[in-house]
Each structure stands twice: as structure tokens, then as C-alpha cells.
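Participant: Generate coordinates for the sequence data below:
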Amino acid sequence: MVENRSLGSRAFDIFNLVFLLLMTLLCLVPIWYCLMIALSDKAAVQAGNVFFYPIGFNLYSFQVILSEAKFFRAIFVSFERVILGSAFTMLALVLAAYPLSKPGKLFPGRNLLMWLFVFCMLFNGGLIPWFITLKTYNLIDNIWGLVLCGGVPIFNLILIMNFVKNLPEELEEAAKIDGAGPWRYLFSILLPLLKPVLATVVLFTIVGYWNDFFQGMVLSTREESYPLQTYIQQLVVSTNLQQMASMSLEQMNRLSKLNNDSLNAAKIFVAMIPVLIIYPFLQRYFVKGITLGSVKG
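Facilitator: Numbering: from 1, shown residues only. The predicted model follows:
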């Protein structure tokens, strides 16, 4: 069938295409600008002359990053946090969403638990009680403190729970007839069907753990315990006379070619790379995962 499209329909498609291209450029410009700052000369950056292309192209900032042990230590802490945190979060969310998707007659405490979850999503006890609680459990300067804080995001729990509700009830009835119990049904039948929403939530979780810097500021008292974003946030390139006296001629020469903006821009750009790599592989699940998990069909 050949569709006879009107002039107005074609104009609308062109407008949508141009609008989406502009929105894409708006998202890419900050990343590109950050890279150009990292690749530019110290004087050009300080003068504010760098915009869409590097001035005085050099790789000094990235060379300094590759020689910093603290930076790689912060990356290791962030990767450890993302891996442990994502595993804990997904396990907790799936085990909570499955029973909460049941009606109240099958799970009598379901409504009470949902009210508690929603209340905790909207309100909290405050920063000081939160910190005292974590300190009591010896979670300061501990990777598990960074993992367990916010490890059960209620919004994501609701997404998974509503996704399960949209699945046919006959699936579980058929599994019971074949002799499958709740655990067999959950891991053998339900989890494969939850791939779209789980992929969406996994990406939300990874990005959340990777980009968070505040918890690292509060829960880490030693620089060795900083995750990457906290390390970048705390980063101040300062050199006093004593440090300069202990520097070699090569280090002094390198310092003269760097400034805070170019070095920090390089570290920010490097910190974005893992998320930029992961996103394309999970992006195709977004529409289905969020749409089916948002409302009960």
C-alpha cells in the first residue's frame, strides 16, 4: 500500500527531524567542549578562547592523568561500587517487586509495605541521623557504605512491579500446574520476560552509582576511599613552594603547560567514557521498559 502524504505531513516530519537533531547537538556540545578544553593550550583556556576546536593542541592533561595513581585508585573504587551496588540493587528490587505485584488477597501485607516504601521515597530522616546510623554500623571509609546507601531506589521498584503486573496471570497458573514453585517461576520464567525493564533499571543504577559524589564526600574521610566523581569534585590543583622545590625539571615544565580547567576537563571526559560505552547497548530497551513499567495496562 502506497501512502499519499500531504504537504503538511511532510513538513511536520522535517520539523521533527530538525528539532531532534538540534536536541542531539545540545546534548553533545558539553561533551565536545569538555574535550576541546582538555586538548587545548593553557593560555588559550585561561583566555577563554576555546570553543569548538582545540587551540594549541596537546595531550599534556591526559598524560598527567595516566601518571596519577590516585586517579586510577578512584576509578577502581567506582568500578567496585558499580558492580557490587548493581548486583545488590537488582537482587533486592526483583525479590521485592515480585511479591508486591500480587493483589492484597494473596499478599495481606502488600498495601502496608507499599505505603512504607512510598513514604520512604518521599521523606527521609535527615543527613545527620543517616550519617550517625552508618557510622554505628562501621560503614565509614567502607565500600559497603557506598553500596548500601540508596541501594533500593523505590521509583525503580515501582517500574519493575508494574511491569510484572502487565504480564498475563495465566503464566504463573500454568507454571503451578506443571509443578513449578515461586522460586522456579521467578528465575526460570519471570526473569527472562523482565529483560526490557531490568536493562532499563540496570542503566539507571549504573549511572546513579557512577555519577554520585555526595555520598563519597560524607562517607569517605580518606582520599583512598573516594569514588571517581568525589575525587574529581574535590580536585584542586595547587602547588606550594615546598612541592615545587621537590619537583624535577620535567615536572616543572609539565606544570607550566597545564591549568586547572584543562586537567579537570580531561578527568571529567575520562569519567564519562564508561557510561557512553554502556548506554548504546541498553538504549533499545528504554521505551518498552519504561512504558510497560509506568502504568498498569
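
Participant: Buried residues, stretch 73-82. List them.
Facilitator: Buried residues in stretch 73-82, counted by 16 or more other CB atoms under 10 Å: 73, 74, 75, 77, 78, 81, 82. For glycine as for every other residue, the C-beta is placed from the backbone atoms N, C-alpha and C.

Participant: residues in contact with the fifth one?
Facilitator: Looking back up the chat, that one is residue 78. By CB atoms under 8 Å, 6 or more residues apart in numbering, the residues touching residue 78 are 209, 210, 227, 228, 229.

Participant: try the last one
Facilitator: If you count contacts by CB under 8 Å, 6+ apart, residue 82 has them with 206, 209, 210.

Participant: Past whichever strand or helix holds the second one, which element shows up next along the chain?
Facilitator: In this structure, residue 209 sits in helix 195-211 according to DSSP states H and E. Beyond helix 195-211 on the C-terminal side, the first helix or strand identified by DSSP H and E is helix 214-219.

Participant: How far away from the center of its chain is that following helix?
Facilitator: Distance, stretch centre to chain centre, for helix 214-219: 16 Å (CA atoms, centre = their mean, to the nearest Å).

Participant: about what we covered before: the buried residues of stretch 73-82: which two are farthest apart?
Facilitator: Spatial extent of the buried residues of stretch 73-82 (CB to CB) is set by the pair 73 and 82 at 15.2 Å.

Participant: Just list the residues touching the nearest residue to residue 207 once chain neighbours are set aside, thanks.
Facilitator: The shortest distance from residue 207 to any non-neighbouring residue, by CB to CB, 6 or more residues apart in numbering, is to residue 275 (5.8 Å). Residues near residue 275 by CB under 8 Å, 6+ apart: 206, 207, 210, 211.

Participant: any idea how far residue 275 is from residue 100?
Facilitator: Taking CB to CB, to the nearest Å as the measure, residue 275 falls 30 Å from residue 100.

Participant: for residue 6, same thing?
Facilitator: From residue 6 over to residue 100 the distance is 48 Å, taken as CB to CB.

Participant: The two: which is more packed in?
Facilitator: Set residue 6 next to residue 100 and count neighbours by other CB atoms under 10 Å: residue 100 wins out with 21 against 8.

Participant: I'd say that one and residue 113 touch.
Facilitator: Yes: counting by CB atoms under 8 Å, residue 100 does reach residue 113; the two are 6.5 Å apart.

Participant: Tabulate the buried residues of stretch 73-82 (CSV), appending pLDDT, distance to residue 38 and secondary structure.
Facilitator: CSV is the format used below for the buried residues of stretch 73-82 (pLDDT from 0 to 100; distance: CB to CB, whole Å; DSSP: H, G, I helix; E, B strand; the rest coil):
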residue, pLDDT, distance to residue 38, secondary structure
73, 89, 21, helix
74, 88, 17, helix
75, 88, 17, helix
77, 91, 22, helix
78, 91, 19, helix
81, 92, 25, helix
82, 92, 23, helix
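
Participant: Out of the residues you listed, flag the one nearest to residue 46.
Facilitator: Residue 46 has its nearest neighbour among these in residue 74, at 26.2 Å by CB to CB.

Participant: quick one: contacts for that closest one?
Facilitator: Residue 74 makes contacts with 226, 227, 228, 230, 231, 232, as judged by CB under 8 Å, 6+ apart.

Participant: quick one: what helix or strand has the nearest residue to the last one once chain neighbours are set aside in it?
Facilitator: The one in question is residue 232. Distances taken as CB to CB, 6+ apart place residue 267 nearest to residue 232, at 5.3 Å, with adjacent residues excluded. Assessed by DSSP H and E, residue 267 sits inside helix 260-282.
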